[in-house]
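S.K.: No sequence on hand, only this structure:
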């Protein structure tokens, strides 16, 4: 039969990331394209212990639960966000979701009408662009630099497009790894408050903070820059704060959250219930048990992750000093999962990807990170997933592809 | 600030079910409004064993995985659907979802444009109505009787509204518990094929089949009526078959599926990935481990559930013989989770609910099961969740409310 899909659904099939994922299933393939954490660092045994405890304690752990998510985990989060990040948010103003991607999708479904303008960073994450495209939003990119979004470019765009929403990830923006300065945070927040814009602040990567040299001490890290959410006088009024345990504990628990004003969280909870009733109560209980256990300290676990990820980033930066990458440009991020590289002059990320795929390696081409396919001269490299050998081999294969192009030029 | 939600989002907040859920959190409250399985029957220990095995075997169990879902579980499902239900569907044509609710939401998001007509049974499930409302569909109810949807009412509605989609649950339709006859299945399928309509066949309740008297033997149950999916010559072309493990194993695993044509499943996978990347691989691996284990046989487990649920239904039917329910009408279903009752003449389900809530009990008013609030003289009672004592008490409280109304009339 002739299926008649909704017109915007076609935008979902155009993503070249789908092909990369298909290829990456091959055993010998090395993908630096994804945003995966290192699985060898997952707290497997602590989670096995948590699963046993939860599954022998109470059959309710396997029942349907509240759409908002497991209350004790929301209470834990409320305390943790206060303690480690200076956020003041009640458990009742937190909705648990299937990762940050779902949190963003839910908000966009209830807040954005087709044709509404939405401001995004430029470049931004492919997953966010897909959500906005399916909803039929007018995507308006706001330029930034190495200190974050540029307020003097933001102001005229707000006046021109009268957007409803600004999407921002001030801590290690995907894909560039940029950390917004305090000044930029304050200025952008002020502009949004002034014009009645809601901000979605995606803090998926904020805990992965290890300093440019990988050498900052814990105390310094704890004095990190305040979130947009915590900078607002009446916290949560103009900012919806989203995050997840996918990068700090494990993605397969599929547990993220949105924290914000009662009105926004209530509406998101209603659409959450309609979309899938609720995320897994079992996973939420396991996670809560883990976080409350004496054998596991989230801060220590994150510290361990950051030491390891800093080492991997360092290795990647070393490998970029090789001759193939002469004239490539990048700033070493102080955290996150990605290195954003401007290729040697004349190179195109999409063409380079095709060559790299043939060699058995992948990265994310910059064109996928912009609404209009800009940034084709850039690529995003993930350094958290590959171990030392994989990183060496993957970078070698990509370097070979680069050299073939530069030799030809 | 003044939040400007999308206009259709408001339809999500109007659901009185939200208030019932809020009340039902009280300890002494008895809700026959929900569609919960009995938690004391969950295979907790087998699942604890599965969790331990999965969490000590392979760190990949905690990593991101394929949007389609864990491949070995999809292969298991493909075999099980063939063996127990006569469906011919490859693992590659199955998408794992966060329950059937998500399967339906995903399909509607990619298939229905605002203003498109969608045919539904009348009455139908509140969750389905919410999905269609948010997408802006024109909801067209098709009348049925105790043998299922009426083909001679369906045909003119297809000609008049030119719908894209028909939503059906031929096995124990929610809320009525009706089991469509073979003749109706064939006729409805034929009409849809003829007019190029896609059917979404929701088989959430099909395994809960215990015969009117609770006494049919296993062999009889295995010769149950074929699904619309398996009746089509080219299986999967016009029918998307959705189901879940929520009622047969446990809801908190949040594992359902959609099975259909490659084109539809590919598009649903793309929107699934955009919506939340994927459901929990950990849960899917645990479920797969359970289903493959020697200590657990799904058929035996379902048999046990059905014996127990048949007993609870029998008790509920006994209680309806009391004088309060004189002149109420109902047909005893041969499976599922609900008894659909037409109240004694003059009674209204919404008014009765308000009275019952004050006494500490709830049911689902029929008005919530129709696009236009019809069926206000009916109510839906759940008999799977309450144990014997709870069922007695809950039915007593509702009976008291009924008597107050009939005494007044």
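M.R.: Thanks, I have it. Fair warning: this is a prediction, and the values are worked out from it, not measured in the lab. Numbers count the residues shown, from 1 in each chain, chains lettered A, B, ... in the order given.
S.K.: State the distance from residue A:371 to chain B.
M.R.: Remark: distance between residue A:371 and chain B (CB to the nearest CB, to the nearest Å) = 15 Å. In this view, the C-beta of every residue, glycine as well, is placed from N, C-alpha and C.
S.K.: How about residue A:36?
M.R.: With CB to the nearest CB as the criterion, residue A:36 and chain B are 6 Å apart.
S.K.: What is the distance between stretch A:121-128 and the centre of its chain?
M.R.: Its chain's average C-alpha position is 10 Å from that of stretch A:121-128, according to CA atoms, centre = their mean, to the nearest Å.
S.K.: Ends of that stretch, what's the gap?
M.R.: 10 Å (CA to CA, to the nearest Å).
S.K.: what does it contact?
M.R.: A:15, A:17, A:101, A:104, A:120, A:141-144, A:149, A:167-169, A:173-176, A:202, A:340, A:364, A:366, A:368-370, A:374-375, A:378, B:274, B:277 (CB atoms under 8 Å, 6 or more residues apart in numbering or on different chains).
S.K.: Need the mean per-residue confidence for it.
M.R.: For stretch A:121-128, the mean per-residue pLDDT is 96.
S.K.: Also stretch A:329-340?
M.R.: On average, stretch A:329-340 scores 96.
S.K.: Pull the distance from that stretch to the chain's centre.
M.R.: 14 Å.
S.K.: what sits up against it?
M.R.: By CB under 8 Å, 6+ apart, stretch A:329-340 touches A:35, A:37, A:123, A:146, A:171-179, A:205-206, A:208-212, A:216, A:247, A:306, A:309, A:313, A:316-317, A:320, A:341-342, A:366, A:378-384.
S.K.: Which of those residues fall within helices?
M.R.: A:306, A:309, A:313, A:316-317 (DSSP state H).
S.K.: phi, psi of residue A:63?
M.R.: phi -90, psi 170 (degrees, to the nearest 10).
S.K.: Take the contacts of stretch A:121-128 and keep only those in strands.
M.R.: Among those, DSSP state E puts A:120, A:141-144, A:149, A:167-168, A:202, A:340, A:364, A:378 in strands.
S.K.: What's the ChimeraX syntax to select whichever of those residues are buried?
M.R.: Burial among the ones in strands among the contacts of stretch A:121-128 is assessed by 16 or more other CB atoms under 10 Å in any protein chain shown; the matching ChimeraX selection reads:
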select /A:120,141,142,144,149,167,168,202,340,364,378
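S.K.: between the ones in strands among the contacts of stretch A:121-128, which is nearest residue B:73?
M.R.: Nearest to residue B:73 out of these is residue A:364 (CB to CB; 28.7 Å).
S.K.: one step back: can you select the buried ones among the ones in helices among the contacts of stretch A:329-340 for me in PyMOL?
M.R.: Restricted to buried positions by 16+ other CB under 10 Å, the PyMOL selection for those reads:
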select buried, chain A and resi 306+309+313+316
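S.K.: In CSV, list the ones in helices among the contacts of stretch A:329-340 along with pLDDT and distance to residue B:7.
M.R.: Putting the ones in helices among the contacts of stretch A:329-340 into CSV (pLDDT from 0 to 100; distance: CB to CB, whole Å) gives the following:
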residue, pLDDT, distance to residue B:7
A:306, 96, 45
A:309, 97, 44
A:313, 97, 46
A:316, 98, 47
A:317, 97, 50
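S.K.: outside of stretch A:391-405, which residues touch it?
M.R.: By CB under 8 Å, 6+ apart, stretch A:391-405 touches A:30-32, A:312, A:315-316, A:319-320, A:322, A:324-325, A:343-344, A:346-347, A:351-352, A:355-356, A:359-361, A:363, A:383, A:386.
S.K.: Which residue ranges of chain A form helices?
M.R.: Counting by DSSP H, chain A has helices at residues A:17-24, A:44-57, A:71-85, A:99-111, A:126-135, A:151-161, A:182-195, A:218-222, A:228-231, A:262-276, A:281-292, A:298-319, A:349-359, A:388-408.
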